[in-house]
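Colleague: Predicted model, plus sequence, below.
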Amino acid sequence: MPKIAEIDDTPNPNAVKFTLWEPLTWGITRSYESAEQAQNDALACALFDIEHVSNVFYVDKWITVTQDGEADWPALVRLVAVPIRAAPAADEQSAATVAAATHDYADLSPADQQRLDAITLLLDEQIRPYLKNDGGDLHVIGLDGNQLSVHYQGACGTCPSSISGTLRSIKNLVKSIEPDIEVVAV
């Protein structure tokens, strides 16, 4: 059972990040925007059963819980800490399990796959560390011609600065290697 090491506020006033001593997963991201999406995940279901929880995002040794803005954080933190502490720590997982959880872009041409790989590497190095530090992340949905679709996860999903400033930074960064690309948050 994971023990909570730290509880941190995020730039999103409706999200709190819990850092744990033991991992919940080994590199596999779990992101749920509703109880319906989380129906096969015991931890996420338990969190969504708590009034006002609106988003659950976790990977490795941290979990971000977002609320609907109607709850008092100190009281809500005490409630959500219970299922987090009760969750089983991740068992050893094989590389095949981690690989199976990654998104497959098989429908892309080799040239577009190379473009997407370069963009993903850039995001991995220059954007994701900051988003993860703030309790969120960015999932690349796909590349269609010159349109890159991304989806914010965790604290970033409803954070006002993600929708404006962070997206502008991502657009400018990606345009440094793909000048004609359009980045859309979905």
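Modeller: Sure, I can see it.
Colleague: which residues of this protein fall in helices?
Modeller: Ranges of helices in the chain, per DSSP state H, are 42-48, 73-86, 95-100, 110-126, 128-133, 160-161, 167-175.
Colleague: Which stretch among the ones you listed approaches Asp144 most closely?
Modeller: The minimum distance between Asp144 and the helices of the chain falls on helix 110-126, with 8.9 Å, by Cβ to Cβ. Yep, even glycine has a C-beta here, placed from its N, CA and C like the rest.
Colleague: who does that closest one touch, helix- and strand-wise?
Modeller: strand 136-144, helix 167-175 (3 or more Cβ pairs under 8 Å, 6 or more residues apart in numbering; DSSP states H and E).
Colleague: Would you mind finding the most buried of the ones you listed?
Modeller: Among the helices and strands packed on helix 110-126, ranked by average contacts under mean count of other Cβ atoms under 10 Å, first place goes to strand 136-144 (a mean of 19).
Colleague: That one packs against which elements?
Modeller: With contacts defined as 3+ Cβ pairs under 8 Å, 6+ apart, the packing partners of strand 136-144 are strand 53-59, helix 110-126, helix 128-133, strand 147-154.
Colleague: lowest average confidence, helix or strand, in this structure?
Modeller: Here the helix or strand of the chain ranked lowest by mean pLDDT, DSSP states H and E is helix 95-100, holding a mean of 43.
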